[in-house]
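Novice: sequence-free structure coming up:
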């Protein structure tokens, strides 16, 4: 009799993901500013490997240059990370560098809708950014090749922790201001997030500014400012409460 060989393939799960970053988010329109794109500052290659993030499945990936020509709601805002975390102990199993658009949609660096091979099941989904707090779903998902939809901007999406995100015009957005990426917002004291802003602009003249792609650019407008309109210091103070500079806020990612 004849012999047949059977090969089992891993299912590719399509993902419909949405998130807002508080720093560049305009409250009335619920669209994020794309100043990094218009200023030619969005890195051609994902920045997270160089920042010390490990386990990125597409580490070193470059974006399709044509994406930076897109304007309007689908314009690129910045690079973000999407993580698949263990459904029980929340350890990071795998992560992917992606791009977020002005309206909060996530896409792969080639402009396509995310379709990913997950390392195991069930998983929790988390989203992260280089100077914003991350957020993670409280419930788990069992990727099996069918579409997985997670909208981190909706209040109906149950998230892990307490006050895991900011609220902007009735929608959720990742807390901004974590300039040293230590998972805590501090305005004063050791390891605070305000001093790096001052250091970045030179450390002695608070009215100075510096342009570029920096973690200290909390608002993602392409310029680091310590004082004046649109500065990056005030957002940190507001996010710890706005009145008590010694208060702190802690990220809710385990």
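Specialist: Structure received. Quantities reported herein were computed from a predicted structural model and do not represent experimental measurements.

Novice: Where do the helices of the stretch 151-254 of the chain begin and end?
Specialist: Using DSSP state H, counting those that start in this stretch, the helices found in the stretch 151-254 of the chain span residues 195-200, 234-239.

Novice: Using JSON lines, please lay out these together with distance to residue 248.
Specialist: All C-beta atoms are positioned from the backbone trio N, CA, C, and that covers glycine. Compiled in JSON lines, these are given as follows (distance: least, Cβ to Cβ, whole Å):
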{"stretch": "helix 195-200", "distance to residue 248": "15"}
{"stretch": "helix 234-239", "distance to residue 248": "10"}
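
Novice: Residue 73 looks like it's in a helix, true?
Specialist: Yes. Per DSSP: H, G, I helix; E, B strand; the rest coil, residue 73 lies within a helix segment.

Novice: shaky segments in the chain?
Specialist: 1-11 (pLDDT under 70).

Novice: Hmm, residue 233 and residue 240 touching each other?
Specialist: No. Under the criterion of Cβ atoms under 8 Å, residue 240 makes no contact with residue 233, lying 11.8 Å away.

Novice: Of all the helices of the stretch 151-254 of the chain, which one is nearest residue 154?
Specialist: helix 234-239 (20.7 Å; Cβ to Cβ).

Novice: Quick check: residue 115 vs residue 128, distance?
Specialist: Counting by Cβ to Cβ, to the nearest Å, the gap between residue 115 and residue 128 amounts to 20 Å.

Novice: should've said residue 154
Specialist: When distances are taken as Cβ to Cβ, residue 154 and residue 128 turn out to be 18 Å apart.

Novice: between these two, which one's more packed in?
Specialist: Each of residue 154 and residue 128 has its neighbours counted (other Cβ atoms under 10 Å); residue 128 has more, 22 against 11.

Novice: any idea what sits nearest the more buried one, other than its immediate chain neighbours?
Specialist: Leaving aside its sequence neighbours, residue 128 sits nearest to residue 134 (Cβ to Cβ, 6 or more residues apart in numbering; 3.7 Å).

Novice: thought the one you found was touching residue 174?
Specialist: Yes. Between residue 134 and residue 174 there is a contact under Cβ under 8 Å: 6.9 Å.

Novice: related to what we said a few turns ago, output the helices of the stretch 151-254 of the chain in JSON lines, with distance to residue 16 and mean neighbour count appended to each entry.
Specialist: What follows is the helices of the stretch 151-254 of the chain, written out as JSON lines (distance: least, Cβ to Cβ, whole Å; neighbours: other Cβ atoms under 10 Å):
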{"stretch": "helix 195-200", "distance to residue 16": "35", "mean neighbour count": "20"}
{"stretch": "helix 234-239", "distance to residue 16": "28", "mean neighbour count": "20"}
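
Novice: nearest to residue 124, of these?
Specialist: When the helices of the stretch 151-254 of the chain are compared for distance to residue 124 using Cβ to Cβ, the nearest one is helix 234-239, at 24.1 Å.
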